[in-house]
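Q: Sharing a model that was predicted from the sequence below.
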Amino acid sequence: MIFTRIIETGVPVQRLLIAAIGLLICSSLGASATARTIRVPSEYGKIQQAIDVAVDGDVVVIAPGTYREMGISFLGKKIMVRGVDPWDDEVVQATTVVGDTTSPDRHFVFESGEDSMSVLAGIRLSGENQVFDGGTGGISVSASSPTIALCWIEGCHAPSDQIIEEGGGAWVGPNSAPLFVRCWFQRNYGYHAGGGIRVKGPAQPRILACGFEENRVTSLGGGVACTSSAFTVANCLFIANELCGGANQGGGIRVGDGGGTIVNCTFYGNAEVCISEDHGIYMKWDSTAVNNCVLVGDYPTVKQRDNSQSTISYTNLPEGWPGPGNISDSPRLQTVREWPFVLGAGSPCIDAGDPSIEDGVRWPTQYRNGSRSDMGAYGGPYSGLWLGRWPRGLEWLKGHLGEVREAGGEAH
């Protein structure tokens, strides 16, 4: 589990992230003498019971333990539901909502018009699916726009007896604009499409600084599948996601009938295993802009089909690509301290991104590293979402998280 190695010293970036989200909720709703903290299970035995009595501005705090609940709903309330210590990975792992395999529902269901002030943070959702067979679904979002931060979503399985047999980790439906930030999706199974996240629009999801590892589907998008949506995927890692058995379109991301932005992402070893091709990104009937990315694998790592109008720029991919700033050199990925898939010293991707974009945090300091953006998940304007170790990174997060939440992570 790669995310466990991304641990900060001093004041953790996770602490700042949750604190900033909490402050934004308080400032948006106004200070209230009646706002309270509701605790599970000491006050209420079930998470849903605590939400039922909560009002706007309340915080529901879930103690470590295993909770077998399905179909948990925020009921449209502007509240935060979080673990005791969202910035402590061990605590998050120990605060687990486990699915009921006899239920066709998902763990959390956002379908009551929730907005960005409805926050789920610092818990683990487990479908108890370790062999891509059986298990339960993670999150469902329909006509709502919640914030989901610092969560682990693993082993989840798209419900097989529903019309929506897609999106193992999360399903995003029409008229939704959720924000996923610093979440890790691992070993989820999405049946037809979207092992990690399935977006079926029109929708405007924002997926920032998330990891997608070893998720699987049969046809579309092992990590993420987006259809008819204007999406933003920024500063994400896509690692060893795969598909096999159907249309075989996109081991990492599949985009169709829409357009969006894929910026500063790193793709490593994503595969369409049935046809032995490593398509990190697959695009058709779309107008996606791919910028500042790094793709590693046996080419073709990118595939365009059926009148795709997508553009690729300032991206490193082994087969090369026509367009400004694209290169085809080894990115020299390595582990630096706790961070995996980092550009190693002398990487041609350092300071080689879009010259109109600057890195939010420049690092490591011993490298040649100017203001021009780096390619890959740790570069670009939202690199601060990953890099909280250095003081400048901490200050950047304090000053920019609200902007990230409201602007949707668009790299401009």
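A: Yes, it's here.
Q: Can you pull out the low-pLDDT segments for the stretch 101-250 of the chain?
A: 101-104, 128-135, 159-165, 245-246 (pLDDT under 70).
Q: correction: the stretch 251-400 of the chain
A: 273-278, 298-299, 337-338, 363-368, 387-400.
Q: Show me where it has its strands.
A: 253-263, 266-268, 271-272, 281-286, 289-291, 294-296, 302-305, 311-313, 333-336, 339-343 (DSSP state E, counting those that start in this stretch).
Q: before we move on, what about the stretch 51-200 of the chain?
A: According to DSSP E, counting those that start in this stretch, the strands that the stretch 51-200 of the chain contains are 59-62, 65-68, 80-83, 95-98, 106-110, 119-121, 124-126, 137-141, 147-149, 152-154, 170-172, 179-181, 184-186, 197-200.
Q: Among those strands, which comes closest to residue 302?
A: Closest approach to residue 302 among the strands of the stretch 51-200 of the chain is made by strand 197-200 (19.3 Å; CB to CB). For the C-beta atoms, the positions are set from N, CA and C on the backbone; glycine is no exception.
Q: Adding mean neighbour count and distance to residue 154, write the strands of the stretch 251-400 of the chain out as TSV.
A: Converted to TSV, the strands of the stretch 251-400 of the chain look like this (neighbours: other CB atoms under 10 Å; distance: least, CB to CB, whole Å):
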stretch	mean neighbour count	distance to residue 154
strand 253-263	25	19
strand 266-268	28	19
strand 271-272	22	20
strand 281-286	25	23
strand 289-291	24	27
strand 294-296	26	23
strand 302-305	18	27
strand 311-313	18	31
strand 333-336	15	21
strand 339-343	22	17
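Q: for the residue nearest to residue 376 when sequence neighbours are not counted, what are its contacts?
A: Counting by CB to CB, 6 or more residues apart in numbering, residue 294 is the residue found nearest to residue 376 once chain neighbours are left out, at 4.2 Å. Residues counted as contacts of residue 294 (CB atoms under 8 Å, 6 or more residues apart in numbering) are 265-267, 315-317, 331, 333, 343, 349, 375-377.
Q: For residue 294, name its beta-bridge partners.
A: Legend: beta-bridge partners of residue 294 under DSSP bridges are residue 266, residue 316.
Q: pLDDT at residue 35, what is it?
A: On pLDDT, residue 35 comes in at 78.
Q: That one and residue 60 touch, don't they?
A: No: with contacts defined as CB atoms under 8 Å, residue 35 does not count as touching residue 60, sitting 11.8 Å away.
Q: who's more crowded, these two?
A: Legend: neighbour count by other CB atoms under 10 Å for residue 35 and residue 60, higher for residue 60 (25 against 17).
Q: and the gap between the more buried one and residue 263?
A: Counting by CB to CB, to the nearest Å, the gap from residue 60 to residue 263 is 34 Å.
Q: Mind putting the strands of the stretch 51-200 of the chain into JSON lines with distance to residue 358?
A: Shown next, in JSON lines, are the strands of the stretch 51-200 of the chain (distance: least, CB to CB, whole Å):
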{"stretch": "strand 59-62", "distance to residue 358": "35"}
{"stretch": "strand 65-68", "distance to residue 358": "43"}
{"stretch": "strand 80-83", "distance to residue 358": "32"}
{"stretch": "strand 95-98", "distance to residue 358": "37"}
{"stretch": "strand 106-110", "distance to residue 358": "34"}
{"stretch": "strand 119-121", "distance to residue 358": "29"}
{"stretch": "strand 124-126", "distance to residue 358": "35"}
{"stretch": "strand 137-141", "distance to residue 358": "32"}
{"stretch": "strand 147-149", "distance to residue 358": "25"}
{"stretch": "strand 152-154", "distance to residue 358": "31"}
{"stretch": "strand 170-172", "distance to residue 358": "30"}
{"stretch": "strand 179-181", "distance to residue 358": "20"}
{"stretch": "strand 184-186", "distance to residue 358": "27"}
{"stretch": "strand 197-200", "distance to residue 358": "28"}
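Q: nearest to residue 232, of those strands?
A: That would be strand 179-181 among the strands of the stretch 51-200 of the chain, by CB to CB, at 9.4 Å.
Q: Show me what that closest one pairs with in its sheet, parallel or antiparallel.
A: Paired strands of strand 179-181, with direction, are strand 147-149 (parallel), strand 206-208 (parallel) (DSSP bridges).
Q: Looking at those, which one is packed in the most?
A: Ranked by mean neighbour count under mean count of other CB atoms under 10 Å, the strands paired with strand 179-181 are led by strand 206-208, which reaches a mean of 27.
Q: Now do the contacts for the nearest residue to residue 311 once chain neighbours are set aside.
A: Leaving out its chain neighbours, the residue that sits closest to residue 311 by CB to CB, 6+ apart is residue 289, at 5.4 Å. Counting by CB under 8 Å, 6+ apart, residue 289 touches 259-263, 310-311, 313.
Q: so can I have CSV of these showing distance to residue 326?
A: What follows is those, written out as CSV (distance: CB to CB, whole Å):
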residue, distance to residue 326
259, 19
260, 19
261, 17
262, 14
263, 14
310, 13
311, 10
313, 7
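Q: so which of those residues comes closest to residue 362?
A: residue 263 (17.4 Å).
Q: what's near enough to touch that closest one?
A: With CB under 8 Å, 6+ apart, residue 263 has these contacts: 232-235, 289-293, 380, 411.
Q: what about the residue nearest to residue 311, distance to residue 344?
A: Noted for residue 289: a distance of 27 Å to residue 344, by CB to CB.
Q: same check, this time on residue 326
A: Residue 326 is 20 Å from residue 344, by CB to CB.
Q: higher neighbour count, these two?
A: residue 326 (19 against 15).
Q: What residues does the closest residue to residue 267 other than its chain neighbours make contact with?
A: Among residues not flanking residue 267 along the chain, residue 280 sits closest, at 3.4 Å (CB to CB, 6+ apart). Residue 280 makes contacts with 238, 250-253, 267, 270, 295, 297, 301-302, 317, as judged by CB under 8 Å, 6+ apart.
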